[in-house]
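>>> Sequence first, predicted coordinates after that:
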Amino acid sequence: MAVTPLKSVIARPPSENADLRDTVAIMLAAIELGGEAAARRYASQFDNWQGEIVLSAGARAKAVARVPQELQADIRFAQNNIQRFAEAQKATLSECEIELLPGHWAGQRQIPANAAGCYVPGGH
């Protein structure tokens with residue numbers, strides 16, 4: 001079976017990758033040493049966030065109370081489907097499919113990749 005790339009990859013210069021690795025390593029070390037205070041500094045610096053990072057049970061309950069019941073039901077519906085699919089994925093290392101609802105299928109295919117990345121909010 002021939003492998004067909006899903007997207008082409010635009011390579012970054014090696015020096016840029018090294019700079020990013022160094023920056024992330026420094027940040028992780030700072031958070032490991034400085035704990036929540038360091039995480040708060042980065043949240044402020046990169047995301048301009050000044051609020052609470054961990055909400056109290058009361059603050060969470062107030063926030064949930066502001067969410068319309070229909071949206072809460074939609075979130076629970078999505079969470080259930082996400083959990084069921086994740087459990088099906090976890091149960092196998094090969095390709096799989098699961099019918100979440102009648103006629104609604106989710107699955108995974110194993111496609112070799114030469115490179116991978118992730119999205120970092122506010123980052124590169």
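Thanks, I have it.

>>> starting at the chain centroid, how far to the helix or strand encompassing Glu70?
Secondary-structure assignment from DSSP states H and E places Glu70 in helix 69-90. Relative to its chain's centre, helix 69-90 lies at 16 Å (Cα atoms, centre = their mean, to the nearest Å).

>>> show me what contacts Gln110?
Residues in contact with Gln110, defined by Cβ atoms under 8 Å, 6 or more residues apart in numbering, are Ser94, Glu95. In this view, the C-beta of every residue, glycine as well, is placed from N, C-alpha and C.

>>> Is it in a helix, a strand, or coil?
Classification of Gln110 into helix, strand or coil gives coil, according to DSSP: H, G, I helix; E, B strand; the rest coil.

>>> care to break the chain down by domain?
Taking automatic domain parsing as the reference, the chain has its domains at 17-54, 55-109.

>>> closest one to Gly117 among the ones you listed?
Within the domains of the chain, the stretch nearest Gly117 is domain 17-54; the backing value is 11.1 Å (Cβ to Cβ).

>>> what comes up buried for the closest one?
Buried residues in domain 17-54, counted by 16 or more other Cβ atoms under 10 Å: Ile31, Ala38, Arg40, Ala43.

>>> cool, and stretch 83-100?
Judged by neighbour count using 16+ other Cβ under 10 Å, the buried positions of stretch 83-100 are Phe85, Ala88, Cys96, Ile98.

>>> hmm, back to that, CA-only coordinates of the helix holding Glu70 in PDB, if you can.
This file holds the C-alpha atoms of helix 69-90, laid out as PDB (Å, rounded to 0.1, in the frame of the first residue of the first chain):
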ATOM      1  CA  GLN A  69     -29.300  23.800  30.000                       C
ATOM      2  CA  GLU A  70     -29.400  23.000  26.300                       C
ATOM      3  CA  LEU A  71     -25.700  23.700  25.900                       C
ATOM      4  CA  GLN A  72     -24.900  21.700  29.000                       C
ATOM      5  CA  ALA A  73     -26.700  18.700  27.500                       C
ATOM      6  CA  ASP A  74     -24.800  19.200  24.200                       C
ATOM      7  CA  ILE A  75     -21.500  19.200  26.100                       C
ATOM      8  CA  ARG A  76     -22.500  16.000  28.000                       C
ATOM      9  CA  PHE A  77     -23.400  14.400  24.600                       C
ATOM     10  CA  ALA A  78     -20.100  15.400  23.100                       C
ATOM     11  CA  GLN A  79     -18.200  14.300  26.200                       C
ATOM     12  CA  ASN A  80     -19.900  10.900  26.100                       C
ATOM     13  CA  ASN A  81     -19.000  10.300  22.400                       C
ATOM     14  CA  ILE A  82     -15.400  11.500  22.900                       C
ATOM     15  CA  GLN A  83     -15.000   9.200  25.900                       C
ATOM     16  CA  ARG A  84     -16.500   6.200  24.100                       C
ATOM     17  CA  PHE A  85     -14.300   6.700  21.000                       C
ATOM     18  CA  ALA A  86     -11.200   7.300  23.200                       C
ATOM     19  CA  GLU A  87     -11.900   4.000  25.000                       C
ATOM     20  CA  ALA A  88     -12.200   2.200  21.700                       C
ATOM     21  CA  GLN A  89      -8.900   3.700  20.600                       C
ATOM     22  CA  LYS A  90      -7.200   2.800  23.800                       C
END
